[in-house]
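In: Below are the sequence and a predicted model for it; my questions follow.
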Amino acid sequence: MQPSKATLGWMYHNMVTSRKFETIIEKIYMEGKSPVFNMANGPIPGEMHLSNGQEPVAVGVCAHLKPEDIVTATHRPHHQAIAKGVDLNRMAAEIFGKATGLSGGRGGHMHLFDPAVNFACAGIIAQGMGPAVGAALSRKMQGKPGVAVAFIGEGAANQGAFHEAMNLAAVWKLPFICVIEDNAWGISVAKSAATPVKRNDVRAAAYGIPGHYVEGNDPWKIYDVAGQAIARARAGEGPTLIEVETYRLAGHFMGDAEGYRPKGEKDALFAKDPIPLMRKRLEADGTFTAAELTKMEAEAEVKVAAAIKFAREGAAPKPEDALTAVFA
C-alpha cells in the first residue's frame with residue numbers, strides 16, 4: 001500500500017507544520033526561564049515535551065483516519081494532534097493557558113482535547129489505552145463506523161493498562177490499533193534496561209493478533225503497515241499492534257540535560273532527521289519539485305505564525321471560571 005501524490009503532500013506538509021510549531025514553542029517556552037530555569041515562569045509554564053523527530057509516525061497513521069475515528073495520544077502529542085486535524089489556533093492557545101484554548105486553558109499541552117476530530121491525550125503513561133479500547137467497543141456495540149488508535153511510547157508497553165487493554169481488544173475483536181512509538185528512551189531509561197524483548201510487536205502473539213515492527217522512521221513504510229492494520233480493523237477482523245522505530249531529537253522534556261545519552265548519539269540522530277530525508281526523496285523520485293516543497297514549507301510557517309499570534313493575543317481565563325467545568 002503506497003501513498004498517492006496528494007497523500008504524500010499532506011504528510012510532508014503536516015510533518016513540517018509540526019516541526020515549525022515546536023521550533024517556535026521551544027523558543028517561547030524559554031522566555032522568562034533564564035538565567036535560572038524555573039518551569040513555572042514565562043508565557044508557557046509547566047513541562048514541555050517536544051515530538052520533533054517522531055513526525056512520520058503521526059502522519060503515516062493519521063493519513064488513513066477519518067473524522068469519526070478516535071485517537072488517544074501521550075504527553076508528547078503535538079505531531080499527532082496536528083495530523084489528526086486538531087484546530088491549531090485553539091491548540092496553541094491551550095498551550096499558552098488562554099481562555100480561547102481547546103479547554104479554556106485548563107489542560108495545557110499534555111491534555112489536549114478536541115471532540116470535533118475525536119482527539120485526546122493525557123500525561124499518564126498508557127492512560128490512553130483504556131479510553132481508546134472503550135471507544136472501539138462503543139463503535140462495535142452501536143454498529144457505528146470508526147476505528148480507535150492509541151499512540152503510546154515503548155515504556156508504556158510495560159504498564160498494566162497496556163496489557164489489560166490489549167487483552168480485551170483481542171477478546172472482543174475490536175476495531176482498535178495500538179501504535180508504539182519506540183524512541184529507545186523511557187525518560188532517561190534505555191529500552192534495553194527496562195524491556196526484556198527487543199521489539200514489542202512480538203507481544204502481539206500473546207493476544208493472538210498481528211504484530212508489526214517498522215524500522216527506520218520511514219513515512220512510506222509506516223503508511224503501508226498502518227493502512228493494512230486500519231483496513232483490517234474496519235473489516236471487523238480485530239486489533240493490531242504496531243511498533244515503530246522513531247527518534248526523539250530533543251530531551252524527554254525542555255530542560256532535560258540528556259546526560260544519559262551515549263556520546264555521539266544525538267549527532268547520529270540528527271543525521272537521520274526524517275523531514276530533510278523525506279524532502280530529498282520526494283525531490284529525487286520526482287513526486288514534487290523543490291519549489292513545490294518550499295511552498296508547502298512557507299504555507300506551514302504562515303499557519304503556525306497565525307496560531308502563535310492567536311494564542312498570544314487571547315484573553316487569560318477569568319479567576320471566577322476556575323470552578324467551572326469540573327465535577328462537583
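Out: Cool, the structure landed.
In: So for this structure, the centremost residue is which one?
Out: Geometric centre of the chain, nearest residue: Q80, 3.3 Å, by CA atoms, centre = their mean.
In: and A73, backbone torsions?
Out: For A73, the backbone dihedrals (degrees, to the nearest 10) come out as phi -130, psi -170.
In: I70 now?
Out: For I70, the backbone dihedrals (degrees, to the nearest 10) come out as phi -110, psi 140.
In: What residues of stretch 270-281 count as buried?
Out: For stretch 270-281, burial by neighbour count (16 or more other CB atoms under 10 Å) applies to D273, P274, I275, L277, M278, R279. From N, CA and C alone the C-beta is placed, and that goes for glycine too.
In: rewinding a little: gap between the residue nearest to the centre of the chain and M141?
Out: Using CB to CB, to the nearest Å, Q80 is found at 26 Å from M141.
In: Low-confidence stretches in the stretch 151-300 of the chain?
Out: Under the criterion pLDDT under 70, no range of the stretch 151-300 of the chain is flagged.
In: All the helices of it, residue numbers only.
Out: For the stretch 151-300 of the chain, the helices defined by DSSP state H, counting those that start in this stretch occupy 160-171, 191-194, 219-234, 265-270, 274-284, 290-313.
In: Of those, give the one that comes closest to L8.
Out: Shortest distance between L8 and the helices of the stretch 151-300 of the chain, using CB to CB, is found for helix 274-284: 6.5 Å.
In: Show me what the closest one is packed up against.
Out: Contact here means 3 or more CB pairs under 8 Å, 6 or more residues apart in numbering; DSSP states H and E; on that basis helix 274-284 packs against helix 5-29, helix 55-62, helix 290-313.
In: still on that earlier bit, just the helices of the stretch 151-300 of the chain: most buried one?
Out: Neighbour counts (mean count of other CB atoms under 10 Å) averaged over each of the helices of the stretch 151-300 of the chain peak at helix 219-234, with a mean of 21.
In: just checking, what packs against it?
Out: If you count contacts as 3+ CB pairs under 8 Å, 6+ apart, helix 219-234 packs onto helix 5-29, helix 55-62, strand 176-182, strand 211-214, strand 240-245.
In: and the longest one, which residues are buried?
Out: Read that as helix 5-29. Those would be 8-22, 24-25, 28-29, for helix 5-29 by 16+ other CB under 10 Å.
In: SS state for the residue nearest to the centre of the chain?
Out: With DSSP: H, G, I helix; E, B strand; the rest coil as the basis, Q80 sits in helix.
In: quick one: it and C62 touch, right?
Out: Yes. Between Q80 and C62 there is a contact under CB atoms under 8 Å: 6.9 Å.
In: Can you get me a residue count around K84?
Out: A count of nearby residues for K84, using other CB atoms under 10 Å, gives 26.
In: tell me the contacts of the closest residue to G101 other than its chain neighbours?
Out: Spatially, and ignoring its direct neighbours in sequence, G101 is nearest to E94 (3.0 Å; CB to CB, 6 or more residues apart in numbering). E94 makes contact with G101, L102, S103, G105, G107, G108, H109, L112 under the criterion CB atoms under 8 Å, 6 or more residues apart in numbering.
In: rerun that using 6 Å as the cut-off
Out: Neighbouring residues of E94 by CB atoms under 6 Å, 6 or more residues apart in numbering: G101, L102, S103.
In: Now the second one: closest residue in space, sequence neighbours ignored.
Out: Once flanking residues are discounted, L102 sits nearest to E94: 4.4 Å by CB to CB, 6+ apart.
In: Also A194?
Out: G186 (5.8 Å).
In: Next one: that neighbour from H163, what distance?
Out: 16 Å.
In: Same check on R19?
Out: On the measure of CB to CB, R19 and H163 end up 34 Å apart.
In: can you give me the helices for the stretch 1-150 of the chain?
Out: Going by DSSP H, counting those that start in this stretch, the stretch 1-150 of the chain shows helices at 5-29, 55-62, 78-84, 88-95, 129-142.
In: Out of those, which is closest to T287?
Out: Proximity of those to T287 was assessed by CB to CB; the nearest stretch is helix 5-29, lying at 5.7 Å.
In: could you check the angle helix 290-313 makes with that closest one?
Out: Angle, helix 5-29 to helix 290-313, by axes from the mean of the first three to the mean of the last three CA atoms, to 10 degrees: 40 degrees.
In: can you state the direction angle for helix 5-29 and helix 274-284?
Out: If you take the same axes, to 10 degrees, helix 5-29 sits at 150 degrees to helix 274-284.
In: Quick one: mean pLDDT for helix 5-29?
Out: The average pLDDT within helix 5-29 is 98.
In: who does it touch, helix- and strand-wise?
Out: Using 3 or more CB pairs under 6 Å, 6 or more residues apart in numbering; DSSP states H and E, the elements in contact with helix 5-29 are helix 55-62, helix 78-84, helix 274-284, helix 290-313.
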